[in-house]
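Novice: Model the following, please.
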Amino acid sequence: MDRNELLRLAAGKAQESLKGGKVNGKALIAIVVVAGVVLVGFVAYRLLLLEVITRLR
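Specialist: Below is the predicted model:
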């Protein structure tokens, strides 16, 4: 590797880190799973709250 190629590779890495890079698959799956758990919990909470309110009437 000569000096120019090393500089080109370093510049490419710097540009990639400035763009934020790519989100890898495992992180994306983890975000989707957490969002799903939160959504299911919210729906269950609303259903339980509705059940309690209808029993009080």
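Novice: Average pLDDT for the helix or strand that contains Leu48, rounded please.
Specialist: Secondary structure from DSSP states H and E places Leu48 in helix 25-56. The predicted model assigns helix 25-56 a mean pLDDT of 92.
Novice: just stretch 3-22 next, same as before
Specialist: Mean predicted confidence for stretch 3-22 is 76.
Novice: please renumber so the chain begins at 18
Specialist: Shifting the count to begin at 18 puts that one at stretch 20-39.
Novice: Dump stretch 53-60 to CSV, restricted to CA.
Specialist: Output of stretch 53-60 as CSV, limited to C-alpha atoms (Å, rounded to 0.1, in the frame of the first residue of the first chain):
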residue,chain,number,x,y,z
GLY,A,53,-43.2,-4.2,19.7
VAL,A,54,-42.9,-5.0,23.4
VAL,A,55,-43.8,-1.4,24.3
LEU,A,56,-46.8,-1.4,21.9
VAL,A,57,-48.1,-4.7,23.3
GLY,A,58,-47.7,-3.4,26.8
PHE,A,59,-49.5,-0.2,26.0
VAL,A,60,-52.4,-2.1,24.4
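Novice: What residues sit buried inside that stretch?
Specialist: Of the residues in stretch 53-60, none count as buried by neighbour count, 16 or more other Cβ atoms under 10 Å. In this view, the C-beta of every residue, glycine as well, is placed from N, C-alpha and C.
Novice: for stretch 22-30, same thing?
Specialist: In stretch 22-30, counting by 16+ other Cβ under 10 Å, buried: nothing.
Novice: Give me the distance between the helix holding Leu65 and the centre of its chain.
Specialist: Distance of helix 42-73 from the chain centroid (Cα atoms, centre = their mean, to the nearest Å) equals 17 Å.
Novice: Same check on stretch 20-36?
Specialist: Distance, centroid of stretch 20-36 to centroid of chain: 27 Å (Cα atoms, centre = their mean).
Novice: pull the CA atoms of it into PDB?
Specialist: Listed next in PDB are the C-alpha coordinates belonging to stretch 20-36 (Å, rounded to 0.1, in the frame of the first residue of the first chain):
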ATOM      1  CA  ARG A  20       0.700   6.600   0.900                       C
ATOM      2  CA  ASN A  21      -2.100   7.800  -1.500                       C
ATOM      3  CA  GLU A  22      -4.100   4.600  -1.000                       C
ATOM      4  CA  LEU A  23      -3.800   4.900   2.700                       C
ATOM      5  CA  LEU A  24      -5.000   8.500   2.600                       C
ATOM      6  CA  ARG A  25      -7.900   7.500   0.400                       C
ATOM      7  CA  LEU A  26      -8.900   4.700   2.800                       C
ATOM      8  CA  ALA A  27      -8.700   7.100   5.800                       C
ATOM      9  CA  ALA A  28     -10.800   9.700   4.000                       C
ATOM     10  CA  GLY A  29     -13.400   7.100   3.200                       C
ATOM     11  CA  LYS A  30     -13.600   6.000   6.900                       C
ATOM     12  CA  ALA A  31     -13.800   9.600   8.000                       C
ATOM     13  CA  GLN A  32     -16.700  10.200   5.600                       C
ATOM     14  CA  GLU A  33     -18.500   7.000   6.800                       C
ATOM     15  CA  SER A  34     -18.200   8.100  10.400                       C
ATOM     16  CA  LEU A  35     -19.500  11.500   9.600                       C
ATOM     17  CA  LYS A  36     -22.600  10.000   7.900                       C
END
